[in-house]
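Trainee: Here you go, sequence then predicted model.
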Amino acid sequence: MNELRLFDPLAFDPFEDTLRSLMRTSRMEGMEAAPRIKLDLSEQDASYTVKAEIPGVRKEDIDVRVDGNMVTISAEVKREKEEKKEGRVLRSERQQGYASRSFTLACPVDDAKAAAKYENGVLELTLPKKAATSTKRLAVQ
C-alpha cells in the first residue's frame, strides 16, 4: 500500500502569523481564522482514501466535487457569537470564511461508487478507481 501525505509549505508562515498576532486588536482576539483543510491521501489497489481535517464546519457546508481524476474539497464557515449581560447585548460578532483544496489523482475516479463521510471534524472520502480501459488497435483497410 502506498502512503502519500500532501504537504503545503505555504499553509503556515510563522513570520506572517507573528505579525498578524502583534497587530491584532484586543476586540478581535475571539475571532478564529477560516478553516485550513489538511489532507492525508492513501492508495489501495482498487481505490483511494482521503482523510481531510476540517474542524468546526457543519457537514451541510462541505462541498466535494469529483471530475475524472480531479478532486475538490470546499468548506464554508459561518459563526455568530453574542455576549449578553443582564439581558443587554455587550458584544456581537459574525465570522465568515471559506477554504478549498484541489488535487489530481493518478487514475480517474468512479464517481458513481464514491462515498463521503464526515464525523468529528474529519471528512473521509472513499474514491474507487475506474476500471482500466483497454486500447484497441484498428485495422486500416
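Mentor: Nice, thanks for sending it over. Residues are numbered from 1 along each chain as shown.
Trainee: By average pLDDT, which secondary structure element in the protein comes out worst?
Mentor: None of the helices or strands of the chain scores lower by mean pLDDT, DSSP states H and E than strand 2-4, at a mean of 55.
Trainee: Could you grab the helix/strand/coil label for residue 101?
Mentor: Judged by DSSP: H, G, I helix; E, B strand; the rest coil, the three-state class of residue 101 is strand.
Trainee: any idea of the pLDDT on residue 6?
Mentor: If you check residue 6, the pLDDT there is 57.
Trainee: if I look at residue 131, how far off is residue 104?
Mentor: From residue 131 across to residue 104, the span is 19 Å (C-beta to C-beta, to the nearest Å). Where C-beta positions appear, they are placed from N, C-alpha and C, glycine not excepted.
Trainee: ok, now residue 93?
Mentor: Separation of residue 93 from residue 104 (C-beta to C-beta): 38 Å.
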